[in-house]
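K.L.:
Structure, please.
(one chain, ligands or ions: 3)
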Amino acid sequence: MAESAAASSVSHDELAALKRIGLDGGLSGRTKVSCSGLAERLDASAQTASRRLQRLDEAGLLNRELLADGQLVTLTDAGVSALRREYADYRRLFEDDATLSLDGTVTSGMGEGRHYISLSGYMRQFRERLGYEPFPGTLNVELTAESVRSRGEMDALETGTTRIDGWEDGDRTFGPATCYAARIDADAGSYDGAHVIVPDRTHHDETQLELIAPVKLRDELALEDGDGLTVHLGGEGT
Ligand SMILES: Cc1cc2nc3c(=O)[nH]c(=O)nc-3n(C[C@H](O)[C@H](O)[C@H](O)COP(=O)(O)O)c2cc1C
Ligand SMILES: Nc1ccn([C@@H]2O[C@H](COP(=O)(O)OP(=O)(O)O)[C@@H](O)[C@H]2O)c(=O)n1
Ligand SMILES: [Mg+2]
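P.N.:
Residues are numbered from 1 along each chain as shown. Ligands and ions are numbered 1, 2, ... in the order given. Next up, the predicted model:
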């Protein structure tokens, strides 16, 4: 994902500057920053503060508008995601069982999920590691903008996380995937016992989430394209 690439290319000091700007109002809107003011708060020189702002800008984590006496700074979505990943790490440090809820709407995909899920190299692992044979396909969910930003917190979930290995069949290789135990809440009811599946190789970007389950979720939860649902991860019972 482009966002993680950008975040991993900045240093801890630069991330600390991003956090400072967020705390000063840059998370929810534009905040005025002067290099000398930021430098004082970071206990660094004005030159260092200026360089950190430039690096964060280059990494796509903030937008700047230069003024005569400072600059107006806003965190980008990638910047907010970078801080949320830090937040998820701290939650993992101090909370026994971090949970995460993601919201979105049901959508149709490219009709490829069915093929991948049915491949014996994956099916064997689903049976052994998840304890069921998934319905052949993935239920695709278009995440809300807020949930796209918070999905990075999935990296911090430990309970209910299962790795599926890559494999090959002679002609070609198939990539690994990670499954996260999930409960799904929809208008028609709740389904416990599904998994979010995140293939390492996918044609979808981070706005889409794919779900697998032993049942056809569209039938189980009376779902049609455009219906809203919430996916609960990392909680008790998932
Ligand atoms: C278990 C699993 C493994 C996958 N492995 C690969 C892969 O090796 N290479 C690839 O291009 N896509 C792979 N995909 C991703 C599909 O190409 C595609 O992004 C997506 O799953 C299709 O979803 P859709 O038909 O629901 O839109 C995999 C998908 C799943 C579910
Ligand atoms: N557990 C599941 C998996 C897929 N599905 C649905 O089954 C169909 C086949 O899945 P797919 O991944 O091949 O298709 P698309 O998601 O590309 O539309 C789609 O309509 C999915 O939404 C479901 O209802 N429950
Ligand atoms: Mg699908």
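
K.L.:
Burial check on the closest residue in space to D69 that isn't next to it in sequence, number of neighbours?
P.N.:
The shortest distance from D69 to any non-neighbouring residue, by CB to CB, 6 or more residues apart in numbering, is to S34 (6.8 Å). The way it works is simple: take the backbone N, C-alpha and C, and place the C-beta from them, glycine included. The burial count assigned to S34 is 15, neighbours taken as other CB atoms under 10 Å.

K.L.:
show me what contacts S34?
P.N.:
Contacts of S34 were listed using CB atoms under 8 Å, 6 or more residues apart in numbering, and they are 69-71.

K.L.:
Please identify the buried residues of the lengthiest helix in the chain?
P.N.:
In the chain, assigned by DSSP state H, the helix with the most residues is helix 77-94. Burial within helix 77-94, assessed by neighbour count using 16 or more other CB atoms under 10 Å, is assigned to 78-86, 88, 91-92.

K.L.:
Which helix or strand lies directly C-terminal to the least confident helix or strand in the chain by mean pLDDT?
P.N.:
In the chain, the helix or strand scored least confidently by mean pLDDT, DSSP states H and E is helix 2-8, which has a mean of 48. For helix 2-8, the following helix or strand on the C-terminal side (DSSP states H and E) is helix 12-21.

K.L.:
what's the helix or strand E40 falls within packed up against?
P.N.:
Assessed by DSSP H and E, E40 sits inside helix 35-42. On a contact count with 3 or more CB pairs under 8 Å, 6 or more residues apart in numbering; DSSP states H and E, helix 35-42 meets helix 12-21, helix 46-58.

K.L.:
just the angle between that helix and helix 46-58, please?
P.N.:
For helix 35-42 against helix 46-58, the angle by axes from the mean of the first three to the mean of the last three CA atoms, to 10 degrees is 100 degrees.

K.L.:
List the contacts of helix 35-42.
P.N.:
13, 16-17, 20-21, 45-50, 52-53, 70.

K.L.:
re the thing from before, please work out which of the helices and strands packed on helix 35-42 is packed deepest.
P.N.:
helix 12-21 (a mean of 19; mean count of other CB atoms under 10 Å).

K.L.:
buried sites along the helix or strand just after that one?
P.N.:
Counting by DSSP H and E, the next helix or strand C-terminal to helix 12-21 is strand 31-33. Along strand 31-33, these residues count as buried under the neighbour rule (16+ other CB under 10 Å): 31, 33.

K.L.:
Quick one: mean pLDDT over strand 31-33.
P.N.:
Across strand 31-33, the average pLDDT comes to 94.

K.L.:
returning to that earlier point: could you tell me the angle between the longest helix of the chain and helix 46-58?
P.N.:
Inter-element angle recorded for helix 77-94 and helix 46-58: 100 degrees (by the same axes, to 10 degrees).

K.L.:
next helix or strand past helix 77-94?
P.N.:
Going down the chain from helix 77-94, the next helix or strand is strand 100-107, by DSSP H and E.

K.L.:
List the strands paired with that next one, with their directions.
P.N.:
According to DSSP bridges, strand 100-107 forms sheet pairs with strand 139-143 (antiparallel), strand 228-233 (antiparallel).

K.L.:
got the contact list for that strand?
P.N.:
Applying CB under 8 Å, 6+ apart, the contact partners of strand 100-107 are 139-144, 146-147, 150-151, 153-154, 157, 208-209, 218, 223-234.

K.L.:
Not including adjacent chain positions, what is the nearest residue to R91?
P.N.:
Leaving aside its sequence neighbours, R91 sits nearest to A98 (CB to CB, 6+ apart; 4.5 Å).
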